[in-house]
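S.K.: Sharing a model prediction with you, sequence too.
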Amino acid sequence: MAKRESKTYVIKKDLRKNLEGVKHNLTRKQYIRDGNRFVRYCREQHDVKSLSECQSYIQTYCDWLVEKGYSASTVHTYVAAACKVC
């Protein structure tokens, strides 16, 4: 279990590093929340080990959200975060 937690920490650390240019604290928190949702999807659906591997699954994630019945606005918000963190 400790290995998975350390991998999660590394991914979150990379995720935060990719958001250094975001100035507003609330926007950063939303990107982190939605970015974590994307990373969790990649980990569960595609057994991804790093954030850099997630980038190739953005379109698949978008299609999955649409299939799940999310509204266009929600899909846009979640995919925007995925693009920003990758």
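M.R.: Structure's in. What do you need?
S.K.: hey, where'd the helices end up in the chain?
M.R.: Taking DSSP state H as the criterion, the chain contains helices spanning 2-17, 25-46, 51-54, 58-67, 72-85.
S.K.: could those helices be laid out in a markdown table, adding mean pLDDT?
M.R.: Below are those laid out as a markdown table (pLDDT from 0 to 100):
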| stretch | mean pLDDT |
| --- | --- |
| helix 2-17 | 58 |
| helix 25-46 | 89 |
| helix 51-54 | 86 |
| helix 58-67 | 97 |
| helix 72-85 | 94 |
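S.K.: export those to a markdown table and tack on mean neighbour count?
M.R.: C-beta here means a position set from N, CA and C on the backbone, and glycine is covered the same way. A markdown table is the format used below for those (neighbours: other CB atoms under 10 Å):
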| stretch | mean neighbour count |
| --- | --- |
| helix 2-17 | 13 |
| helix 25-46 | 16 |
| helix 51-54 | 18 |
| helix 58-67 | 14 |
| helix 72-85 | 16 |
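S.K.: With residue 69 as the reference, measure out to residue 86.
M.R.: According to CB to CB, to the nearest Å, residue 86 and residue 69 sit 24 Å apart.
S.K.: Compare these two (neighbour count), which wins?
M.R.: residue 86 (20 against 7; other CB atoms under 10 Å).
S.K.: surely the more buried one meets residue 50?
M.R.: No. With contacts counted by CB atoms under 8 Å, residue 86 stays clear of residue 50, the gap being 10.7 Å.
S.K.: quick one: residue 37 from residue 71, how far?
M.R.: From residue 37 across to residue 71, the span is 15 Å (CB to CB).
S.K.: swap in residue 28?
M.R.: 24 Å.
S.K.: Check residue 49 too.
M.R.: 31 Å.
S.K.: Between those two, which has more neighbouring residues?
M.R.: Per other CB under 10 Å, whichever of residue 49 and residue 71 has more neighbours is residue 49, with 13 against 10.
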